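>>> this is the structure alone, sequence omitted:
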């Protein structure tokens, strides 16, 4: 097995096209009144874009299991950071100085 | 390894072969990127909390950012991710000229991004929208909380821009290595891990763009 999986140029161009489409959709969606869904939709598109960048541009799709574990680890630790922080702010009377 | 057996000049003695060395380098870069995710993650956490506290001021202040500049920069940065991906491919196939071409294109796009960013910063300076003693804001009810938004805007985009500048430095270094023949088909990992860094910086912007530029763009701001 070779050290590198050479990804065809075509794949990169398709991914670029998808990212452009995602950018277009983000801007369009922002100008629609979707009520409470504006931010979740913006985040969903951003997460989808980040995922294709990680899988294809950053070659994780073709990488060893250990790389996958580290990548998933980054999401895990980010989740710990966000959930613990938001949990704390949501359950205490922090806002007394607002 | 028996005496007299030659090995690739780029192979460090503590690795069995270049493939193992490449996997170690890639893994090391990813571990660094995990710390970077958390570095920016703290700022995204602060952003989320303040936006929850002051949603109207955040939406109002977001309207003072230019969506067109933000969108163009998104396209420029994603374009640079494509060019660096093609540079990595050229390194892997041992195509030195194409590698150098795509490294230069990536740097050019990075420079365009920073150029547009500096125009935006300059406009904020002229509008007195930089938080601090000379800050001015209408409506006055958002004076304080718009500064919270703009502080986060400058710290987050500023930290991102610092990463871009470091990225340009790394790409310059890689261009020298491509030019002097250090990078070969067998030893492409410096380009690969530099590419990982560049793509990471692109991903940060993918989140910054909607969260900073596109809040409450639909209809009038709720006061």
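On my side now, so go ahead. The structure presented is a predicted model; accordingly, all values stated were derived computationally and were not measured. Numbers count the residues shown, from 1 in each chain, chains lettered A, B, ... in the order given.
>>> spatially speaking, which residue is in the middle of chain B?
residue B:201 (2.4 Å; C-alpha atoms, centre = their mean).
>>> can you pull the contacts of residue 8?
In the absence of a named chain, chain A is used. Going by C-beta atoms under 8 Å, 6 or more residues apart in numbering or on different chains, residue A:8 touches no other residue. No exception for glycine: its C-beta is placed from N, CA and C like everyone else's.
>>> not what I meant, chain B
B:18, B:186-187 are the contacts of residue B:8 under C-beta under 8 Å, 6+ apart.
>>> will you turn those into JSON lines that also has neighbour count, pLDDT and secondary structure?
Listed next are these as JSON lines, based on neighbours: other C-beta atoms under 10 Å in any protein chain shown; pLDDT from 0 to 100; DSSP: H, G, I helix; E, B strand; the rest coil:
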{"residue": "B:18", "neighbour count": "19", "pLDDT": "90", "secondary structure": "helix"}
{"residue": "B:186", "neighbour count": "18", "pLDDT": "92", "secondary structure": "coil"}
{"residue": "B:187", "neighbour count": "18", "pLDDT": "94", "secondary structure": "coil"}
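>>> ramachandran angles for residue B:17?
The phi and psi values for residue B:17, taken as degrees, to the nearest 10, are phi -160, psi 170.
>>> swap in residue B:193?
phi -80, psi -30.
>>> tally of neighbours for it?
22 (other C-beta atoms under 10 Å in any protein chain shown).
>>> and the closest residue to it other than its chain neighbours, helix, strand or coil?
Nearest residue to residue B:193, sequence neighbours excluded (C-beta to C-beta, 6 or more residues apart in numbering or on different chains): residue B:29, at 4.1 Å. Here residue B:29 is helix, with the state taken from DSSP: H, G, I helix; E, B strand; the rest coil.
>>> just residue B:6 next, same as before
coil.
>>> for the nearest residue to residue A:78 once chain neighbours are set aside, give me its contacts.
Among residues not flanking residue A:78 along the chain, residue B:41 sits closest, at 4.8 Å (C-beta to C-beta, 6+ apart). Residues in contact with residue B:41, defined by C-beta under 8 Å, 6+ apart, are A:77-78, A:81-82.
>>> can you pick the most crowded of the residues you listed?
Going by other C-beta under 10 Å, residue A:78 tops these with 18 neighbours.
>>> same for the helix or strand that one falls within, what does it pack against?
Applying DSSP states H and E as the criterion places residue A:78 in helix A:65-91. With contacts taken as 3 or more C-beta pairs under 8 Å, 6 or more residues apart in numbering or on different chains; DSSP states H and E, helix A:65-91 sits against helix B:18-53.
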